[in-house]
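Student: No letters, just coordinates:
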């Protein structure tokens, strides 16, 4: 089944190319400030049975999802995680650190545990069966407001497949929409080959017209901003904007070609 892609009007692109640079109207850029950190605390005294039940549910197969935290009492979870952390090893230790960071508990310390696992994932030998959890955790923490994680997440564009590749595709697309200038500035600091990988993954989601995608109006605004920056004087962002446009246009053209073949 072919995936419908958006249409971009040539006249609109031409007008946008010569329009003066302007501030993008969209969502506010994620703050570079760290998420609020809880006051220093000692592991609590949640009952053993309660703690075991919570950990069994939140850390099934030593994998975590911070979205599940909303179904539990935060203080009870925090105490259970803190009590379990000293004994945790491997994947379980990383998952616990991720959940604690999501709760704002000793944020930098726990974030760095996740980031260390992420860096080990990036450096893993080709063909390694290392799980993709560190990538998912890092995306989650970046989405929760830690903008310092955007650059590391861009370096892994060519090292993921399957569901994790789709996760990054959506993440790049949403990050561009939320803050085009911030996204392009970070992207522009990467080697050109890495920029191209990021652009291709971003475009795979941004150019797709689906129920979960952004509106055509927002797409047009983002596209116009890319065209403006690509024709501007900010050299550190210009190349990144051009690569994004090339990848988006390639996605749109590919879909048009497929549609023509289908008709034939």
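Tutor: On my side now, so go ahead. Predicted model, so just to flag it, every value in this text is computed and none were measured.
Student: pLDDT wise, what is residue 29 at?
Tutor: Residue 29 is assigned 44 on the pLDDT scale.
Student: What distance do you get for residue 99 to residue 109?
Tutor: Applying CB to CB, to the nearest Å, the value for residue 99 to residue 109 is 13 Å. Where C-beta positions appear, they are placed from N, C-alpha and C, glycine not excepted.
Student: Looking at the two, which has the bigger crowd around it?
Tutor: Taking neighbours as other CB atoms under 10 Å, residue 99 and residue 109 compare with residue 99 leading, 26 against 12.
Student: Verify the stated contact: the more buried one with residue 81.
Tutor: Yes. Between residue 99 and residue 81 there is a contact under CB atoms under 8 Å: 5.7 Å.
Student: Name the spans of the chain whose pLDDT lies under the cut-off.
Tutor: The model of the chain has pLDDT under 70 over residues 1-49, 127, 129, 209-212, 255-264.
Student: How is it divided into domains?
Tutor: Here the domain parsing of the chain from automatic domain parsing is 1-30+151-264, 35-145.
Student: Okay, and residue 119 sits in which element?
Tutor: Residue 119 is part of helix 107-122, with elements assigned from DSSP states H and E.
Student: Can you tell me what sits against that helix?
Tutor: Contacts to helix 107-122, defined as CB atoms under 8 Å, 6 or more residues apart in numbering, come from residues 34-37, 93-94, 97-98, 100-101, 130, 132-135, 137-138, 141, 146, 149, 152, 155-156, 159.
Student: So among these, which ones count as buried?
Tutor: 34-35, 93-94, 97-98, 100-101, 132-135, 137-138, 141, 146, 149, 152, 155-156, 159 (16 or more other CB atoms under 10 Å).
Student: Tell me which of the residues you listed fall in helices.
Tutor: Using DSSP state H, the members of the buried ones among the contacts of helix 107-122 that fall within helices are 93-94, 97-98, 100-101, 133-135, 137-138, 141, 152.
Student: Give the burial count for the closest residue to residue 72 other than its chain neighbours, as a bare number.
Tutor: Among residues not flanking residue 72 along the chain, residue 54 sits closest, at 6.4 Å (CB to CB, 6 or more residues apart in numbering). Residue 54: 19 surrounding residues under other CB under 10 Å.
Student: same deal with residue 189?
Tutor: Neighbours of residue 189 using other CB under 10 Å come to 14.
Student: and if you look at the one 4 residues further on?
Tutor: For residue 193, the number of neighbouring residues by other CB under 10 Å comes to 9.
Student: ditto for residue 222
Tutor: 22.
Student: do you know how far it is from residue 171?
Tutor: Distance from residue 222 to residue 171, by CB to CB: 15 Å.
Student: And for residue 67?
Tutor: Residue 67 is 15 Å from residue 171, by CB to CB.
Student: Neighbour count for those two, which is higher?
Tutor: Using other CB under 10 Å as the criterion, residue 67 and residue 171 rank with residue 171 on top: 23 against 9.
Student: list the contacts for that one?
Tutor: Residues near residue 171 by CB under 8 Å, 6+ apart: 139, 142-143, 153.
Student: Go ahead and report the secondary structure state at it.
Tutor: helix (DSSP: H, G, I helix; E, B strand; the rest coil).
Student: Kindly report the same for residue 57.
Tutor: helix.
Student: Neighbours of it, how many?
Tutor: A count of nearby residues for residue 57, using other CB under 10 Å, gives 12.
Student: could you measure the closest residue to it other than its chain neighbours against residue 178, distance?
Tutor: Closest residue in space to residue 57, ignoring its immediate chain neighbours: residue 68 at 7.6 Å, by CB to CB, 6+ apart. Counting by CB to CB, the gap from residue 68 to residue 178 is 24 Å.
Student: So between those two, which is more surrounded?
Tutor: Between residue 68 and residue 178, counted using other CB under 10 Å, the more crowded position is residue 178 (17 against 14).
Student: show me the contacts for the residue nearest to residue 72.
Tutor: 46, 72, 76-77, 80.
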